[in-house]
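Asks: After the sequence you'll find the predicted model.
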Amino acid sequence: METAPQISFDNTAVAFKYKSDNALRKANFIFSLVNHPWISSLATGFVKFSFLLRLPVDSIIKRTAFEHFCGGESIADSERVIEQLANYGVQTILDYSAEGEKTEAGFDNAVEETLRTIEKARSESHIPFSVFKISGIASVALLEKVQQKTTLTSAEAEAYNRIRLRVNKICERAYDSGVPVLIDAEESWIQEPIDAMAYEMMRLYNGEKAIVFNTFQLYRTVSLINLKEACNTAVMHNFLLGAKLVRGAYMEKERERAERFGYQSPIHPHKDATDHAFNEALLYCLENKQRVNMMCGSHNEYSNYFLTVMMEKHNMANNDQRIWFAQLYGMSDNISFNLAKAGYNVAKYVPYGPVKKVMPYLFRRAEENTSVAGQSSRELTLIRKELKRRKESKKL
């Protein structure tokens, strides 16, 4: 059995081998911007203002941030990135990231686009998963009312039933195609109906293979408990639990809302507590690997390394199909490509969609890299290290 090697996430030659010198210099420019909060804030403010005034900035965005963090405007546009990543053992998860669909027609369109990603995955060996957000196919206000157990009007009840039908349509197609589908986690005040639908789908489709995956945001204080309860439910109803573990994406929003409405914040008080919960969740999934299939969705180097060590202790092959590692396209290449080179199952989330509709996603990436301690600095350090290595190697 292949054992876990001593992986180095500092190996920039492996991390950036797929990037040309020009692409690497562009990455250096982008992370130089987000490494300075005030410059990043000015840049995002300018873009928002430009869109408001309908200024022709699409081409500039497309050649910079969009090109770095996204696959293209369509599935076909993303083909180049899919093949490029596959050449280095990194798989692709196509993520339709267009936002702002707030109508029933818009929700139905998002469903059809998700079905297209499943069809693409079925015919493409380098796409192991599909993914969708329930808020992309449902009214957030309605999900919130359901969680609050507010009595729904007949029209709202019909709308909620349509949401459940949309979710089932996606999961049934995933099941028929043999393509696992990831359901993204969202804000705590709409997460309960999302969880309920996810487990309903697992009971229907996860009997023999983990087709439906729910996402657990471990910065929430209840998530580790929820994970264990979900595993118990899977045992009780005899299905496989698909669990994607992430730290979380809505921390500031969660804390602000808790303060505004006067309830206790659902978020761990500090990063160490989140890190501990995340690593505990990794270990729990491994200890229950006969029941749980897991995706480690993390940009944290220690957590990824910790999982490789724990896999070795559990006598698991590096490419055991029950364990996947995932990072966002355009970020943490030092983790993704070094893990892939060592034979682990690795996938990049590759967002795609029309430039203007993907802008909210890009704004969040800028905010995340600015607010997460050390994230942009680490990216920048590695990029500059590789640029220096390439420059020196050309002198030899």
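Replies: All right, it came through fine.

Asks: Skipping adjacent residues, who's closest to Val167 in space?
Replies: Excluding the flanking residues, the one nearest Val167 by CB to CB, 6 or more residues apart in numbering is Met197, at 5.0 Å. (Glycine included, C-beta is placed from N, CA and C.)

Asks: which residues does the one you found contact?
Replies: 134, 163-164, 167, 183 (CB atoms under 8 Å, 6 or more residues apart in numbering).

Asks: where's it, which helix or strand?
Replies: helix 188-205 (DSSP states H and E).

Asks: gap between that helix and the chain center?
Replies: Here helix 188-205 is found 18 Å from its chain centre; the criterion is CA atoms, centre = their mean, to the nearest Å.

Asks: Over to stretch 144-163?
Replies: Distance, centroid of stretch 144-163 to centroid of chain: 28 Å (CA atoms, centre = their mean).

Asks: what is the mean pLDDT for that stretch?
Replies: Stretch 144-163 shows a mean pLDDT of 97.

Asks: Please list the residues outside it that contact it.
Replies: With contact meaning CB under 8 Å, 6+ apart, stretch 144-163 is reached by 104, 107, 134, 137-139, 142-143, 189-193, 197.

Asks: And for stretch 97-115?
Replies: Residues from elsewhere that reach stretch 97-115, judged by CB under 8 Å, 6+ apart: 70, 96, 130, 132, 136-139, 159, 162-163, 166, 169-170, 173, 351-354, 357-358, 360-361.

Asks: buried sites along that stretch?
Replies: 97-99, 101, 107, 109-111, 113-115 (16 or more other CB atoms under 10 Å).

Asks: If we only consider those, which is nearest to Gly297?
Replies: Comparing those against Gly297 with CB to CB places Ser97 closest, at 15.3 Å.

Asks: Excluding chain neighbours, what is closest to the closest one?
Replies: In space, Ser97 is closest to Pro351, 3.7 Å off (CB to CB, 6+ apart).

Asks: which residues does the one you found bridge with?
Replies: Asp95 (DSSP bridges).

Asks: Would you mind confirming that Gln348 makes contact with Phe337?
Replies: Let me fix one detail, which is that residue 348 is Lys and not Gln. No. The pair Lys348 / Phe337 is not scored as a contact, 9.6 Å apart, by CB atoms under 8 Å.

Asks: shared neighbours, these two?
Replies: With CB under 8 Å, 6+ apart as the test, Lys348 and Phe337 both reach Val90.

Asks: Going by neighbour count, list what's buried in the helix holding Met197.
Replies: Buried residues in helix 188-205 (16+ other CB under 10 Å): 188-195, 197-199, 201-202, 205.

Asks: How far away from the center of its chain is stretch 120-132?
Replies: For stretch 120-132, the distance to the chain centre is 15 Å (CA atoms, centre = their mean).

Asks: Check which residues of that stretch are buried.
Replies: By 16+ other CB under 10 Å, the buried positions in stretch 120-132 come out as 120-122, 124, 127-132.

Asks: Surely Asn334 is in a helix?
Replies: Yes. Counting by DSSP: H, G, I helix; E, B strand; the rest coil, one finds Asn334 located in a helix.

Asks: What is the neighbour count of it?
Replies: Here the number of neighbours of Asn334 (other CB atoms under 10 Å) works out to 26.

Asks: who are the neighbours in contact with the nearest residue to it once chain neighbours are set aside?
Replies: Distances taken as CB to CB, 6+ apart place Ala15 nearest to Asn334, at 4.0 Å, with adjacent residues excluded. Residues in contact with Ala15 (CB under 8 Å, 6+ apart) are 9, 333-334, 336-338, 382, 386.

Asks: Distance check, Ala15 against Ala27.
Replies: From Ala15 across to Ala27, the span is 11 Å (CB to CB, to the nearest Å).

Asks: hang on, the earlier thing: what's the closest of the buried residues of helix 188-205 to Tyr219?
Replies: When these are compared for distance to Tyr219 (CB to CB), Ser188 wins out at 10.3 Å.

Asks: Pull out the buried residues from the lengthiest helix in the chain.
Replies: Longest helix of the chain, by residue count under DSSP state H: helix 154-177. Residues 156, 159-160, 162-163, 166-171, 173-175, 177 are the ones in helix 154-177 that count as buried (16+ other CB under 10 Å).

Asks: quick revisit: of the buried residues of stretch 120-132, which belong to strands?
Replies: With DSSP state E as the criterion, strands contain 130-132 from among those.

Asks: Put together a markdown table for those residues, with distance to Asn238 and pLDDT on each row.
Replies: Below are these laid out as a markdown table (distance: CB to CB, whole Å; pLDDT from 0 to 100):
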| residue | distance to Asn238 | pLDDT |
| --- | --- | --- |
| Ser130 | 24 | 98 |
| Val131 | 26 | 98 |
| Phe132 | 26 | 96 |
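
Asks: With distance to Met295 as added columns, please give these in CSV.
Replies: Converted to CSV, those look like this (distance: CB to CB, whole Å):
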residue, distance to Met295
Ser130, 13
Val131, 10
Phe132, 15
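
Asks: could I have the helix or strand containing Thr381 exported to PDB, CA atoms only?
Replies: Using DSSP H and E, Thr381 sits within helix 375-395. The C-alpha trace of helix 375-395 is given here as PDB (Å, rounded to 0.1, in the frame of the first residue of the first chain):
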ATOM      1  CA  GLN A 375      -4.000  34.300   3.300                       C
ATOM      2  CA  SER A 376      -3.000  36.900   0.700                       C
ATOM      3  CA  SER A 377       0.500  37.300   2.200                       C
ATOM      4  CA  ARG A 378       1.100  33.500   2.000                       C
ATOM      5  CA  GLU A 379      -0.100  33.400  -1.600                       C
ATOM      6  CA  LEU A 380       2.100  36.400  -2.500                       C
ATOM      7  CA  THR A 381       5.100  35.000  -0.800                       C
ATOM      8  CA  LEU A 382       4.800  31.700  -2.700                       C
ATOM      9  CA  ILE A 383       4.200  33.400  -6.100                       C
ATOM     10  CA  ARG A 384       7.200  35.700  -5.600                       C
ATOM     11  CA  LYS A 385       9.400  32.800  -4.500                       C
ATOM     12  CA  GLU A 386       8.500  30.900  -7.700                       C
ATOM     13  CA  LEU A 387       9.100  34.000  -9.900                       C
ATOM     14  CA  LYS A 388      12.500  34.400  -8.300                       C
ATOM     15  CA  ARG A 389      13.300  30.600  -8.800                       C
ATOM     16  CA  ARG A 390      12.400  30.900 -12.500                       C
ATOM     17  CA  LYS A 391      14.500  34.000 -12.900                       C
ATOM     18  CA  GLU A 392      17.500  32.400 -11.300                       C
ATOM     19  CA  SER A 393      17.100  29.100 -13.200                       C
ATOM     20  CA  LYS A 394      17.200  31.000 -16.500                       C
ATOM     21  CA  LYS A 395      20.600  32.400 -15.600                       C
END
